[in-house]
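1. Give me a model of this one.
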Amino acid sequence: MLIFTHHSMFSKEHLLTTKLQQLFDQYLTRNKKAMTEYYSDKLRVLKSALTNLQGQLYELKDSELPIVSELETKVHNYQQEIRQTHKLRDGEMSSDRNLLRNLLHTWKETKALREKQECTNSPIKLTIRKELSDKATDEQAWRYDLTEELEELKEVNEKEYNVKMKVYKEELEQWKQFMKERKKKNRKAKRGSREGLAESQGESDVETHDAVEVPKPEKPEKTFNEEEEKMKLKQKYKQIRRKPGEPYIYPELSNTAVVTPPSDCPKSEQARRTGMQKCRCFIKVLINDKEVSRTGVRTLSSDFTIRFGEIFNVQIVQWPLNIKLQVFESGAFNNMIAEVFLPIPDTRMTSDVVELEEIDFSSDHKRSYNHSAVGCGYTVELGEGDSVKHVTPLTSGSIVSSVAWGVGDDNRPLIPPESLNPQDIKMQHRYDALSALGAGGVIDIEKLSNWINDARLDPNDPVNANIIHSVKMLRGGDGNQSHIPDFFRLEQLQEEFNFVTDDDLALSKRFKMIEYRQKEIPEFRNIKFVPCQEKEIQDDIFKAYELRKQKEQEGLVSADMDPHRAAVAKFLGKVRQQVMARFLAAQHQFSLEDVVNEEAVPNIGLLGGNILKLAEPRRPLRPQRKERKTVTAQNLAGLDVNILINIERAFDIPVRSSAIR
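-> Predicted coordinates:
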């Protein structure tokens, strides 16, 4: 299947509807992920945990326990994570808001373009569903979040100010120490000059020259302006959040718009649609850069898709280097639009398990027209007024296809016998049972067991757990040699799940009572409630049934009956029991006609026959057989049987003359 997300025959409306479809797909994806709700819930949990930690820290603030420092570290980490989660949530809210805004703006441009061109070219339609909201609740949520974020900003600013003050005090102390040393040296220098000590004066000058000048630090100021920060938060909320009282908006995209018929469209649009009907494409299949097959030529549909629905069987003798598809536009000269490379399937990808994949493609070729089609590779203006945008669309789309290995008569994948790298095949056969044995060999227990012995699989590897467990019960006593039995079990773990033995089940009075009721034995057929405890069932409840069975056995064979007749009588008794059992089973089987009474749907053949019957002469002595509803055996119980007799022919029957009035 070939799907164009942009084609040279696109109109401006198709560009906008394609963008609308892409935005709506993003909207659905973001709604499915629900990252805004996820971060909101995470923020709520983090704040609750931080409140608990702060409460514990407040109770232990006067103590000198080592746990206090751990709690302070946790509180600091939680505060940082809360600030980070705030940023992530605001980013997700901003993305959701902008996406919804772009979606509505694109739909508004699409409607304006349809009104301007006086026709509709695509069936895309956006339905906007609104849901009213509580303004008071929204304002309360705004105030609560605004207060919390303002307090967080104030706390962060306070911490930064404390850090700056700490640095300022350290620098101020260093400056004071420097000034003290400087004054001391100056006094020493003056005293040395008065005494005429040239050597001391020289040393003082050297020390004064070598000293590093320390500037006086400036005291930091509190720069937090609460009103200004509050206005910034409100402005941010207006951009990324729904305003208080603003209804909830839920867009829904559908293909229900009515496309304008060609006769009602402008001439430029009619020319575009005519040219689109002439556009035909086909795809070449190439293996190792050699064409092996190609699809039939198909006409482009109105939704710019082409459905090929073709399967190509290619027989190869070695592993392919590449597989690619070439999309061509048919005409006087076939023009290649795009080229797509397909991945080479692995050995487990067979035709019975493969799924279709969508592979994108694009092309940079240029084309323009003198009608309403926008072409490709050239700049197009979209929108009006200040919202005019210049876009350069390129041909793009996707191919829905699949590549898989065929399966032979022996259920083995039809893979080339030799690869370009024989070592890869050897390693693959060692670790991949399907490539080594085939689909039929995996089912064969003997082949699978021999392959496990040859491959020396690690039984402790979780990857091999399923295969090892499948043959674990088939191993011999030494654990190395496989023992293949001549039988198989439908349920290998049945014994582990048996909660009672067969002997205990046969002696259970409650189970026997339920079994007799299910078989509809007369003594137990009408029992509605079976006791839950076996001790509540009387021991003599089965005596009546056993006595009746004994009498029936004695009644079948008399004392003076020869052995042959006795055997025949017992056989007839067994047959009678089997017939009764089948009759009871038939009563619980219903067909569709027994449950649904539905008259036959009339057709033109029956209608014509009924009309012709009205013109036929009435012949009471030649009745026609009518098919009647058959009555099954289980529905005859307790009902009267009516015998319907049809007289086919009669002779010398007097005709009753009607009385003359």
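2. With adjacent residues omitted, what lies nearest to Y516?
-> Nearest residue to Y516 in three dimensions, chain neighbours excluded: F524, at 4.1 Å (CB to CB, 6 or more residues apart in numbering). For glycine as for every other residue, the C-beta is placed from the backbone atoms N, C-alpha and C.
3. Tell me, how many residues neighbour that neighbour?
-> 20 (other CB atoms under 10 Å).
4. confidence score at it?
-> Note on F524: pLDDT of 84.
5. ok now do it, which residues does it touch?
-> Residues counted as contacts of F524 (CB atoms under 8 Å, 6 or more residues apart in numbering) are M513, Y516, R517, Y545.
6. quick one: the third one and F651, what's the gap?
-> So that's R517. Remark: distance between R517 and F651 (CB to CB, to the nearest Å) = 60 Å.
7. what does the last one give?
-> Using CB to CB, Y545 is found at 60 Å from F651.
8. Settle it for me: which of these two has more neighbours?
-> Per other CB under 10 Å, whichever of Y545 and F651 has more neighbours is Y545, with 15 against 4.
9. Surely that one and R525 touch.
-> No. Using CB atoms under 8 Å as the test, Y545 is too far from R525 to be in contact (11.2 Å).
10. In strands only, show me the contacts of F524.
-> Judged by DSSP state E, the subset of these located in strands is empty.
11. Go through the residues you listed and name the one nearest K284.
-> Relative to K284, the closest of the contacts of F524 is R517; by CB to CB it sits at 71.1 Å.
12. pretty sure the closest one is in contact with F529, am I right?
-> No. The pair R517 / F529 is not scored as a contact, 10.5 Å apart, by CB under 8 Å.
13. okay, the two: which has more neighbours?
-> Each of R517 and F529 has its neighbours counted (other CB under 10 Å); R517 has more, 16 against 5.
14. what residues are up against the more buried one?
-> Contacts of R517 (CB under 8 Å, 6+ apart): F524, R525, I527, V530.
15. about what we covered before: nearest to T120, of the contacts of F524?
-> For the contacts of F524, the nearest to T120 is R517 (69.2 Å; CB to CB).
16. Which pLDDT value goes with the closest one?
-> 86.
17. Distance check, it against F590.
-> From R517 across to F590, the span is 21 Å (CB to CB).
18. which stretch of helix or strand covers the residue nearest to Y516?
-> Under the criterion of DSSP states H and E, F524 resides outside all helices and strands.
19. returning to what we had before: identify the farthest-apart pair in the contacts of F524.
-> R517 and Y545 (11.5 Å).
20. that older thread, neighbour-wise, which of the contacts of R517 leads?
-> Within those, most neighbours by other CB under 10 Å means F524, with 20 neighbours.
21. and the closest residue to G408 other than its chain neighbours, what is it in contact with?
-> Of all residues not flanking G408 in the chain, L414 sits nearest, at 5.4 Å (CB to CB, 6+ apart). Contact analysis of L414 by CB under 8 Å, 6+ apart lists W405, G406, V407, G408.
22. ok, now how distant is L414 from V317?
-> 11 Å.
23. P531 looks like it's in a helix, true?
-> No. If the criterion is DSSP: H, G, I helix; E, B strand; the rest coil, then P531 is coil and not within a helix.
24. contacting residues for the residue nearest to it when sequence neighbours are not counted?
-> Closest residue in space to P531, ignoring its immediate chain neighbours: I537 at 5.5 Å, by CB to CB, 6+ apart. Applying CB under 8 Å, 6+ apart, we find I537 in contact with K509, R510, M513, P531.
25. now with 10 Å?
-> Remark: with contacts taken as CB atoms under 10 Å, 6 or more residues apart in numbering, I537 is in contact with S508, K509, R510, K512, M513, V530, P531.
26. Among those, which one lies nearest to H390?
-> Minimum distance to H390 across the contacts of I537 is 82.7 Å, recorded for V530 (CB to CB).
27. Need phi/psi at the closest one.
-> V530 has phi and psi values of phi -100, psi 130 when expressed as degrees, to the nearest 10.
28. Quick check: the nearest residue to E118 once chain neighbours are set aside vs E384, distance?
-> Spatial nearest neighbour of E118, excluding adjacent residues (CB to CB, 6+ apart): P266 at 6.9 Å. Using CB to CB, P266 is found at 18 Å from E384.
29. Compare the two (neighbour count), which wins?
-> Using other CB under 10 Å as the criterion, P266 and E384 rank with P266 on top: 14 against 11.
30. confidence score at the residue nearest to P531?
-> For I537, pLDDT reads 85.
31. Secondary structure element holding P320?
-> Using DSSP H and E, no helix or strand contains P320.
32. thought it was touching V285?
-> No. In this structure P320 lies outside contact range of V285 using CB atoms under 10 Å: 11.3 Å.
33. and E310, what does it touch?
-> I283, V285, S293, R294, T295, G296, R298, S401.
34. Just the buried subset of these, written out for PyMOL, thanks.
-> Buried residues among those (16 or more other CB atoms under 10 Å), as a PyMOL selection:
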select buried, resi 283+285+294+295+298+401
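35. quick one: contacts of stretch 37-54?
-> By CB under 10 Å, 6+ apart, stretch 37-54 touches 31, 34, 71-72, 74-75, 77-79, 81-82, 84-93, 145, 148.
36. Quick check on the residues you listed: which are buried?
-> Buried by 16+ other CB under 10 Å: L71, K74, V75, Y78, Q79, I82, T85, H86, R89, D90, E92, M93, out of the contacts of stretch 37-54.
37. and the last one, what does it touch?
-> It refers to M93. With CB under 10 Å, 6+ apart, M93 has these contacts: M35, T36, Y39, S40, K236, Y237, Q239, I240, R241, R242.
38. Assign the second one to helix, strand or coil.
-> The reference is to T36. Three-state call for T36 (three-state DSSP): helix.
39. tally of neighbours for Y168?
-> Look at Y168: counted by other CB under 10 Å, it has 14 neighbours.
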